[in-house]
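In: Here is a sequence together with a model predicted from it:
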Amino acid sequence: MAVSEQTQMAVLGGLSIAPMTGYALREQIREALGHFWSESFGQIYPALSLLEQGGLIERQAALRAGSSTFTITPAGSIRLRELLAEAPQTAQPRNGLLLRLFFGRQLGADTCRRLVLDARARAEAELAEMQRIRTELPAEVAETAPDAPYILLTVLAGEHSARASIAWADEALQLLDNLSATPSSAPTRIEESR
């Protein structure tokens, strides 16, 4: 499997903040970038190998077996800036909730309402997590001082996205309440057999 440029960018970016083992890098991506980006071990380790072969990162002597620490090289920093300067790749959205709601007549308003309530609860939890990260960010400044303002940009995006999801859920719930007050729009047996 080819290592994507976006995976390379995430790995080089993580190592630009601090040298790390592959495991620590995966955890850092999960914890710090998890609200907008993910990489699996199956993506990270091939990327580390490829970047090391290309001279973009270096492996430091392992303190214990299987725990090599990687650092970004000057060539890796240049490559990271090149990758970051490229237009972002956008993925086609795949939102299982919206797919279900689009065909919601088959489920009925009450089931759709439960789905929206679950989505609203997840958005509230995401908002709380983003607010927690924002309050803890100044405490971590010693470690990430040059990166802190840029990290904050992603946290703000997470907060705004969660607020937008909550507002959408509230509006969707009102619409579903109106549907529940009218006769069922679920297909009848006669309509299904046509």
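Out: Perfect, thanks for sending it. Residues are numbered from 1 along each chain as shown.
In: show me the contacts for the residue nearest the centre of the chain.
Out: Among the residues of the chain, residue 36 comes closest to the average C-alpha position under CA atoms, centre = their mean, at 2.5 Å. By CB atoms under 8 Å, 6 or more residues apart in numbering, the contact set of residue 36 is 154, 157, 158. Just so you know, the C-beta spots here come from the backbone N, C-alpha and C atoms, and that holds for glycine as well.
In: For residue 77, state which of the residues you listed is nearest.
Out: Residue 77 lies nearest to residue 154 out of the contacts of residue 36, by CB to CB, at 20.4 Å.
In: how many neighbours does that closest one have?
Out: With neighbours defined by other CB atoms under 10 Å, the count for residue 154 comes to 16.
In: State the helix or strand in which it lies.
Out: helix 148-181 (DSSP states H and E).
In: any idea how the chain splits into domains?
Out: 5-85, 96-184 (automatic domain parsing).
In: Pick the most deeply packed of the ones you listed.
Out: domain 5-85 (a mean of 16; mean count of other CB atoms under 10 Å).
In: could I get the domains of the chain as CSV with mean pLDDT?
Out: As requested, the domains of the chain are arranged in CSV below (pLDDT from 0 to 100):
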stretch, mean pLDDT
domain 5-85, 89
domain 96-184, 89
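In: Do a quick rundown of the helices in this structure.
Out: For the chain, the helices defined by DSSP state H cover 5-17, 22-32, 41-53, 74-85, 96-102, 109-136, 141-144, 148-181, 189-193.
In: Let me see the contact set for the residue nearest to residue 45 when sequence neighbours are not counted.
Out: The shortest distance from residue 45 to any non-neighbouring residue, by CB to CB, 6 or more residues apart in numbering, is to residue 22 (5.6 Å). Residues in contact with residue 22, defined by CB under 8 Å, 6+ apart, are 41, 44, 45, 48, 68, 70.
In: Dump the helices of the chain to TSV, plus distance to residue 60.
Out: Output for those, formatted as TSV (distance: least, CB to CB, whole Å):
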stretch	distance to residue 60
helix 5-17	11
helix 22-32	12
helix 41-53	11
helix 74-85	14
helix 96-102	42
helix 109-136	29
helix 141-144	19
helix 148-181	25
helix 189-193	65
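In: who wins for proximity to residue 62 among those helices?
Out: Comparing these by CB to CB, helix 22-32 comes nearest, at 11.3 Å.
In: Measure how the closest one sits relative to helix 5-17, angle-wise.
Out: 100 degrees (axes from the mean of the first three to the mean of the last three CA atoms, to 10 degrees).
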